[in-house]
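>>> Fold the following for me, if possible:
(one chain, ligands or ions: 2)
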Amino acid sequence: MTPLVELRGISRVYPAVRPVTALRPTDLVVRPGDWLAITGRSGSGKSTLLQILGLLDRPTSGSYLLDGDDVADLSDRDRTRLRASRIGFVFQSFHLMAHRSALENVMVALLYHGCPRRTRPERAAEALERVGLADRALALPTTMSGGERQRVAVARALSIRPGLLLADEPTGNLDSQTAEEVLSLFARLNGEGQTVLMVTHDRDVAARAGRRLDIVDGVVSEVTHRA
Ligand code: ADP
Ligand code: MG
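Ligands and ions are numbered 1, 2, ... in the order given. The predicted structure follows:
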């Protein structure tokens, strides 16, 4: 089986008068159906790793195979296209358009995905149904709870049927009960075969995932559970 993600020696240095090495050379293999949590202190390099995985940023060195395709050296335009077709992203602060309905928010992702206009409403409604928000499709984010907003963001990410679902602190802005709702959703999606990579600084959250990577000052290591 081809790995979904294969990183070899991936690093990221942010150029500056004193350059910042945010990620030291990293190897990582993610297989279809894996659920990984990425933990580490603030500033350790979690978002940097996720942004490289999500084709939002480019590594300084190393190779990145996504579903067997070499994506490290793609042009900006090709990376954007690939991201829109294969990767779903969920952010801590939801990033929804406040004055558009839940349905319209999801439809925008389908537009960038290249989904034909006439099938977008149906695909968007389907995604909202998967996150339990079928009855809130026409609601504005401003009228929704934090948990509902994050579920709209998850629906938006899922609507394109991404091989890879990435989430950067998806429960960071939620109270513990609502966070649990969103986590159960990720657990269910992973149970249905969705590959998930999730950044969190919460160890209890991380414990729900099948694999855990811990980052210390840009050095990534896999935490193996002991019986
Ligand atoms: P985390 O998500 O774990 O908090 P980040 O990946 O955001 O950590 O950051 C890792 C390191 O890289 C930090 O030292 C941060 O200050 C630095 N960094 C992040 N983004 C940039 C950037 N665009 N330019 C310069 N330095 C950055
Ligand atoms: Mg971060």
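
>>> for this structure, where's the lowest mean pLDDT among helices and strands?
When the helices and strands of the chain are scored by mean pLDDT, DSSP states H and E, helix 203-206 comes last with a mean of 84.

>>> ok, residues contacting that helix?
With contacts defined as Cβ atoms under 8 Å, 6 or more residues apart in numbering, helix 203-206 is touched by Ala37, Thr39, Thr171, Ala179, Leu183, Met198, Thr200, Arg212. Placement of C-beta: from N, CA and C, glycine included.

>>> The fourth one is in what secondary structure piece?
Per DSSP states H and E, Ala179 falls inside helix 176-191.

>>> Please tell me how far the residue nearest to Val152 when sequence neighbours are not counted sits from ligand 1.
Of all residues not flanking Val152 in the chain, Ala102 sits nearest, at 4.6 Å (Cβ to Cβ, 6 or more residues apart in numbering). Relative to ligand 1, Ala102 is positioned 28 Å away (Cβ to the nearest ligand atom, to the nearest Å).

>>> State the distance from Ala102 to Ser85.
With the distance defined as Cβ to Cβ, to the nearest Å, Ala102 ends up 22 Å from Ser85.

>>> Looking at those two, which has the bigger crowd around it?
More crowded of Ala102 and Ser85, by other Cβ atoms under 10 Å: Ala102, with 30 against 15.

>>> Check what pLDDT that one gets.
pLDDT for Ala102: 98.

>>> mind listing what it touches?
Ala102 neighbours (Cβ under 8 Å, 6+ apart): Leu128, Leu133, Arg136, Ala137, Leu138, Ala139, Leu140, Pro141, Met144, Val152, Ala155.
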